[in-house]
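> Need coordinates for the following:
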Amino acid sequence: MPRRSRKRLVRICRAPRRIATGRRTALEGTVYLATLIHQGRARLAGRLAPQDPWRLAPPSVSLADVIIGGTLPWSWGQLPTGADLVPALPYRPGALYGVGMNYPDAIVERGGRRPAEPRLFPKVSSSVIGSGEAVVIDPELTRRVDWETELAVVIGTEARRVSEADALRYVFGYTVANDISARDLQERDGQSLRGKGLDTFCPFGPVLVTADEIPDPQRLRIRTRVNGETVQDGSTADMVFRVSALIAYLSRFFTLRPGDVVLTGTPAGCGDFMRPPRALRPGDLLESEVEGIGRLANPVRSSAPDAAAECVPVS
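Alright, predicted model coming up:
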């Protein structure tokens, strides 16, 4: 094994998140993971760095298997340069926990007050889609569809009543999500289940970066673009409640299981709070990006039955 890979293997095998359960990871140095469509099949792929070519895992192994601690034989096949790859949903999380009002500028933008404790809400698993899939708007249900790009934290080890000091030990990795929200439904209901839970309202992925590669999740830039225009540009450094604090707080009330996702909030720049207000419309292209992780690209279309979903190749 090349020296570079051996060093990464040692570091990942010693990762605290795995020591917590007594399991060893078999990632063997792969720190960027994705599910890609190759030759018509969904395949787990990995690479050591963003500029490296994607390598395919055995067909029997999925990203969900790896997250829960399954073994991953080192029999990756290197893809030829220029291979046609389309991102798929990395995996479907069992539970997603949303956090509202977690950026000071977003609180000011909405005329709210800084919360004393994290404001939690559920995000429905059936709302999750991959990069390239369409965000579908049903005009009979909502006309005020808004964007919220967020750092998504993927749990790797079961967590219950963990301390803030130990919380990051339970993280498998990080990815990108957009907590799309129907503001009119939120206002009508006085809560967020319908407004944030509609089908296709949670673009997620396409790349999952293992926690070893991001030792400090509070130093990441977050951006949203609509039709190429930057509408959100913030940093995780500004969070009211840090990632470790959110995990510790959630684990007081819920058992966090491998594959569960914590959506950590969004900075200012949401369309519904602009003057005049803006909303996503059919024909828009929504791009969600977190520094060091990757970019989601999702077309927006109407719920008309003959509207076709689009796909955006992964870089």
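> Next, please give the residue ranges for the helices of this structure.
3-13, 16-19, 63-67, 104-109, 183-189, 193-197, 243-253 (DSSP state H).
> low-scoring stretches of the stretch 51-200 of the chain, by residue?
The model of the stretch 51-200 of the chain has pLDDT under 70 over residues 71-76, 78-83.
> List the contacts of residue 96.
By C-beta atoms under 8 Å, 6 or more residues apart in numbering, the contact list for residue 96 reads 122-125, 128, 202, 260-263. For every residue, glycine as well, the C-beta is placed using N, CA and C.
> one more time with 10 Å
121-125, 127-128, 152, 177, 179, 196-197, 202, 204, 260-263 (C-beta atoms under 10 Å, 6 or more residues apart in numbering).
> do residue 161 as well
Applying C-beta under 10 Å, 6+ apart, the residues contacting residue 161 are 248, 251-253, 255.
> Go ahead and confirm residue 171 touches residue 259.
No. Taking contacts as C-beta atoms under 10 Å, residue 171 lies outside contact range of residue 259: 11.9 Å.
> Looking at those two, which has the bigger crowd around it?
For residue 171 versus residue 259, neighbours defined as other C-beta atoms under 10 Å are more numerous around residue 171 (25 against 18).
> Show me which of the contacts of residue 96 are buried.
Buried members of the contacts of residue 96, counted by 16 or more other C-beta atoms under 10 Å: 121, 123-124, 127-128, 152, 177, 179, 196-197, 202, 204, 260-263.
> quick one: residue 148 from residue 41, how far?
Going from residue 148 to residue 41 by C-beta to C-beta, to the nearest Å gives 32 Å.
> how many neighbours does the closest residue to residue 171 other than its chain neighbours have?
The shortest distance from residue 171 to any residue other than its chain neighbours is 4.6 Å, reached at residue 211 (C-beta to C-beta, 6 or more residues apart in numbering). Neighbour count of residue 211, defined by other C-beta under 10 Å: 22.
> cool, and residue 218?
Other residues near residue 218 come to 14 when the count uses other C-beta under 10 Å.
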